[in-house]
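Asks: could you work out the structure for the sequence below:
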Amino acid sequence: MPKVDWPRVPVLLMMLAVTIVGLIVLFGAIVGAWLLLLALGISSNLWDMMAAVSTAVAAAAVFGAGFVAYRELGELANSRHIEIADRLFAELNSPENVEARRWIYAHLPPDPERGIPSLTPEGRDNVKRVLNSLDRVAFLTQSGWIPEEMVMPWMNPMISKAWTKLEPYVRYEGERRQEPDYYEHARALGERCLMWRAKNLPEAEITWVDDAP
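Replies: Predicted structure coming up:
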């Protein structure tokens, strides 16, 4: 027999159905209790009993709806975090960006004043590509969008290495152009990664190998 994929029932619709069935059962139980009290000769008012229970049910429904809404918001936040993390991974690990970082690790001169005039067109393209990539990562990790503890452990080695090489160039170019905001988001991201690394991996050292990503 072929497998049948039944459509998923929305959470709120399921909650509504359960609430309706529960109310029917509850009011049936109230009527049964009222009839039992009458049979025992105990005077009671059916409508007062239903009104009291209805108030309790309404309060419970409000709390239940709030809990469902809280869970829905939590699931939306988790979905957003997964999407952002996936975009970060794609950005940092694209073949073009990996190769650009490798070039910087191996070939970028340490002194920007002498290094910038000597850069080949390929070198300039690689520097610009990595800085633009850092800007994009800085945008995706801006405050409140995704918890840093989710992404810092795996992304900070790549960014810290790149920023260690590029920081003198960004500062030099910002002063030379008299543009204090020159790649300011990439600068803030690089400093955040270095601070996180110093706090969480105080004994780790940045090393350079030919095939480092």
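Asks: quick one: the helices in the protein?
Replies: Along the chain, counting by DSSP state H, helices occupy 11-39, 46-92, 95-107, 112-118, 121-140, 148-177, 184-200.
Asks: which sections of this structure are below the confidence cut-off?
Replies: Regions of the chain meeting the criterion pLDDT under 70 cover residues 1-23, 25-27, 30-31, 33-34, 37-38, 41-78, 143-144, 208-213.
Asks: correct me, but residue 131 touches residue 187?
Replies: No - contact criterion Cβ atoms under 8 Å: residue 131 and residue 187 do not qualify, at 9.5 Å. For every residue, glycine as well, the C-beta is placed using N, CA and C.
Asks: isn't residue 173 right up against residue 119?
Replies: No - with contact defined as Cβ under 8 Å, residue 173 does not reach residue 119; the gap is 11.8 Å.
Asks: before we move on, back to that, common neighbours of residue 131 and residue 187, please.
Replies: Shared contacts of residue 131 and residue 187 (Cβ atoms under 8 Å, 6 or more residues apart in numbering): residue 170.
Asks: between those two, who's got more neighbours?
Replies: A direct count of neighbours by other Cβ atoms under 10 Å for residue 131 and residue 187 places residue 131 higher, at 24 against 21.
Asks: got the contact list for that one?
Replies: 166, 170, 183, 186.
Asks: now do the last one against residue 141, distance only.
Replies: Separation of residue 186 from residue 141 (Cβ to Cβ, to the nearest Å): 12 Å.
Asks: please apply the same query to residue 121.
Replies: Applying Cβ to Cβ, the value for residue 121 to residue 141 is 31 Å.
Asks: more neighbours, those two?
Replies: Comparing residue 121 with residue 141 by other Cβ under 10 Å, the one with more neighbours is residue 141, at 24 against 7.
Asks: without its sequence neighbours, what residue ends up closest to the more buried one?
Replies: Take residue 141 and drop its neighbours on the chain: the residue closest to it by Cβ to Cβ, 6 or more residues apart in numbering is residue 151, 6.5 Å away.
Asks: report how many residues lie close to the one you found.
Replies: Counted with other Cβ under 10 Å, residue 151 comes out at 19.
Asks: same question for the one 4 residues further on.
Replies: Other residues within reach of residue 155, judged by other Cβ under 10 Å, total 22.
Asks: again, but for residue 207
Replies: When neighbours are defined as other Cβ under 10 Å, residue 207 has 7 of them.
Asks: for residue 96, same thing?
Replies: Using other Cβ under 10 Å, residue 96 is surrounded by 12 other residues.
Asks: and the one 3 residues further on, by the same measure?
Replies: Neighbouring residues of residue 99 were enumerated by other Cβ under 10 Å; the total is 13.
Asks: same question, residue 90
Replies: Number of residues near residue 90 (other Cβ under 10 Å) recorded here: 10.
Asks: any idea how far it is from residue 176?
Replies: Per Cβ to Cβ, residue 90 is found 33 Å from residue 176.
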